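> Have a look at this fold, sequence not included:
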């Protein structure tokens with residue numbers, strides 16, 4: 001693995017004549033937890049979509065040098081499947097065996113205090129539990145780099161602390177995460193923070 005997991009340089013994006021990103025840059029190395037903050041409409045989501053490959057930039061460059069996973073703000077799960085069935089489905093999609101994927105998924109269900117809901121359809125889950133399933137699915141492959149877009153919305157404080165512990169353990173194992181949010185409560189937990197201002201990233 002190269003020293004740099006993600007290198008985004010001078011990324012630009014326009015919607016029609018409206019500039020959304022005017023030169024956003026960001027670097028993530030192994031073992032780093034990086035924050036990206038900004039007000040609604042600052043360009044955070046556009047930048048994130050470019051970083052994970054869902055949107056093409058109009059200028060600049062993005063290089064990802066590792067296996068990564070994306071935990072979107074809106075949970076991308078199958079409402080008609082139970083939590084456990086969603087885990088089995090996405091494990092297969094990631095190329096994991098049902099046994100391995102389920103073992104990791106069940107361990108995360110236990111860790112996030114939601115195993116009691118494993119047989120409940122995703123469409124019937126509370127917002128916070130649904131977001132936990134979203135997070136669990138993104139962690140199934142044990143990625144080198146995890147992109148997290150407003151990852152803890154709907155979490156109670158205990159769940160938020162568990163989330164922080166999971167991310168810290170990733171960093172201690174040499175993995176990394178980019179946490180995108182309109183605010184970051186625990187700045188001291190992060191390696192550094194970028195702030196979106198007028199379509200550019202600056203160190204906060």
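Okay, I see it. This structure is a prediction, so every number in the text was calculated from the model and none was measured.

> ranges for the helices of this structure?
Applying DSSP state H to the chain gives helices spanning 44-51, 83-93, 98-111, 127-139, 157-172.

> Ok, which of the ones you listed comes nearest residue 188?
Shortest separation from residue 188 across those is recorded for helix 157-172, at 10.7 Å, computed as C-beta to C-beta. Just so you know, the C-beta spots here come from the backbone N, C-alpha and C atoms, and that holds for glycine as well.

> The residue nearest the centre of the chain: what's it in contact with?
Relative to the mean C-alpha position of the chain, the nearest C-alpha, by C-alpha atoms, centre = their mean, is the one of residue 148, at 1.8 Å. Contacts were defined as C-beta atoms under 8 Å, 6 or more residues apart in numbering; by that measure residue 148 touches 71, 135, 138, 167, 177-180.

> what's the answer for residue 38, then?
Taking C-beta under 8 Å, 6+ apart, we find residue 38 in contact with 44, 182, 195-197.

> Just read off the phi/psi values of it.
Here the main-chain torsion angles of residue 38 (degrees, to the nearest 10) amount to phi 170, psi 160.

> number of nearby residues for the residue nearest to residue 21 when sequence neighbours are not counted?
Computed as C-beta to C-beta, 6 or more residues apart in numbering, the closest residue to residue 21 that is not its neighbour in sequence is residue 13, at 4.2 Å. For residue 13, the count of nearby residues is 22 (other C-beta atoms under 10 Å).

> Residue 13 and residue 55 touch, don't they?
Yes. Counting by C-beta atoms under 8 Å, residue 55 is a contact partner of residue 13 at 7.3 Å.

> give me phi/psi at residue 41?
phi 90, psi 0.

> do you know how far it is from residue 114?
From residue 41 across to residue 114, the span is 33 Å (C-beta to C-beta, to the nearest Å).

> higher neighbour count, the two?
Neighbours per residue (other C-beta under 10 Å) separate residue 41 from residue 114, with residue 114 holding more: 21 against 10.

> pLDDT score for the residue nearest to residue 131 when sequence neighbours are not counted?
Counting by C-beta to C-beta, 6+ apart, the nearest residue to residue 131 once its immediate chain neighbours are dropped is residue 154, at 4.9 Å. Reading off the per-residue confidence, residue 154 sits at a pLDDT of 80.

> What separation do you get for residue 154 and residue 3?
Residue 154 sits 36 Å away from residue 3 when distances are taken as C-beta to C-beta.

> give me every residue that touches the residue nearest to residue 21.
The contact partners of residue 13, by C-beta under 8 Å, 6+ apart, come to 19-21, 43, 46-47, 50, 55, 57-59.
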